[in-house]
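Got a sequence here, can you model it:
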Amino acid sequence: MEHANVTEFILMGIFSDEDVKVVCFVLFSLCYFAILSGNLLILLTIKGSRLSEQPMYFFLSYLSFMDVCFTSTVAPKLISDLLAQKNTISYNSCMAQMFYAHFFGASEIFILVAMAYDRYAAICKPLHYMYLMSRHMCYILLMVSIIGAFVHSIMQVLIIIELPLCGPNQIDHYFCDIFPLLKLACTDTSLLVIVFITTTGVLSILTFVALVISYIIILSSLRSHSSQSCRKALSTCGSHITVVFMFFLPLIFTYVPTADSVSNDKVFALFYTMIAPMFNPLIYTLRNTDMKNAMRRVWCRDKQLEGK
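Numbering: from 1, shown residues only. Now for the predicted structure:
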């Protein structure tokens, strides 16, 4: 099938009021700067310290990298469109944006699963931890995450590009995503809606439930640990659980119900494309003594902390 004569799309964005757009331009620009600086700070701190030798921080560095990439597929276009007279995007750019958004988003999901497995191995299987989470295993889990994300994303795009798009070419969203594009197809897409809800929505729910159950198991096993170990584990797991909830709940609300609530989808999408990536660095640093000490050593060159 062909996509008819559609060569570009018009992104309707989030707001129509010009004054609101100006305010949001400033606000989203600051958010994007915070996302870039915060996540790059974590990434460079881990790479420049001994934390990179620990599996948890190995995955955290890649999670920060995926956060930057994921947001960068959406935020620059969103911010520039707020001041543009006509918010257009070419067909090829639209497909590329959808692919990369799903690729980096799915990579984050799988890396969060790997981080949960790391915490399970560290707390529930401490005697086997070095074997279960060897550097070789970390790279395997990372490659599985990337390959799984690629397969997921390419399947979404291959289905969409086969749809006949007869117009209008207006996308009721601020970036190219599956459900808004399905609305432009001049064919029955009810079966495809079910397919996408199953592949993306149900996958998000199952992953979220699996993560919550794994952390419940981890936290329940802490009763047999010392109070100091328990406090450190609670702090680490608490950060992970907070990130999981902030990322997955808006994602589930976007992809699980139906494709009829696009206006609400745009609000939910802001949470997992802008809000969660902005707060992730704060969540992972403010309650993490190891990260704070590593930042002092890397950025402040506080040599007194080297012996502690």
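
Counting neighbours, what do you get for the residue nearest to Phe15 when sequence neighbours are not counted?
Closest residue in space to Phe15, ignoring its immediate chain neighbours: Lys21 at 5.6 Å, by Cβ to Cβ, 6 or more residues apart in numbering. C-beta: built from backbone N, CA, C; applies to glycine. By the criterion of other Cβ atoms under 10 Å, Lys21 has 16 neighbours.

swap in Phe245?
Neighbour count of Phe245, defined by other Cβ under 10 Å: 14.

picking up where we left off before, helix or strand for the residue nearest to Phe15, just tell me which one.
helix 18-47 (DSSP states H and E).

Show me what whichever helix or strand comes after that helix is packed against.
Following helix 18-47 in sequence order, the next helix or strand is helix 55-72 (DSSP H and E). If you count contacts as 3 or more Cβ pairs under 8 Å, 6 or more residues apart in numbering; DSSP states H and E, helix 55-72 packs onto helix 18-47, helix 91-124, helix 135-161, helix 276-286.

export these to a markdown table and tack on mean pLDDT and distance to Thr242?
Shown next, in a markdown table, are those (pLDDT from 0 to 100; distance: least, Cβ to Cβ, whole Å):
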| stretch | mean pLDDT | distance to Thr242 |
| --- | --- | --- |
| helix 18-47 | 91 | 15 |
| helix 91-124 | 90 | 12 |
| helix 135-161 | 93 | 21 |
| helix 276-286 | 81 | 5 |
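
Nearest to Leu206 among those would be which one?
The closest of those to Leu206 is helix 91-124. By Cβ to Cβ, the value is 10.6 Å.

That closest one vs helix 55-72, what angle?
Comparing the axes of helix 91-124 and helix 55-72 via axes from the mean of the first three to the mean of the last three Cα atoms, to 10 degrees yields an angle of 160 degrees.

ok, and what's touching the following helix or strand past helix 91-124?
The helix or strand immediately downstream of helix 91-124 is helix 129-132, counting by DSSP H and E. The contact list for helix 129-132 (Cβ atoms under 8 Å, 6 or more residues apart in numbering) reads 121-122, 125.

Mark which of these are buried, thanks.
When the contacts of helix 129-132 are checked for burial by 16 or more other Cβ atoms under 10 Å, the buried set is 121-122.
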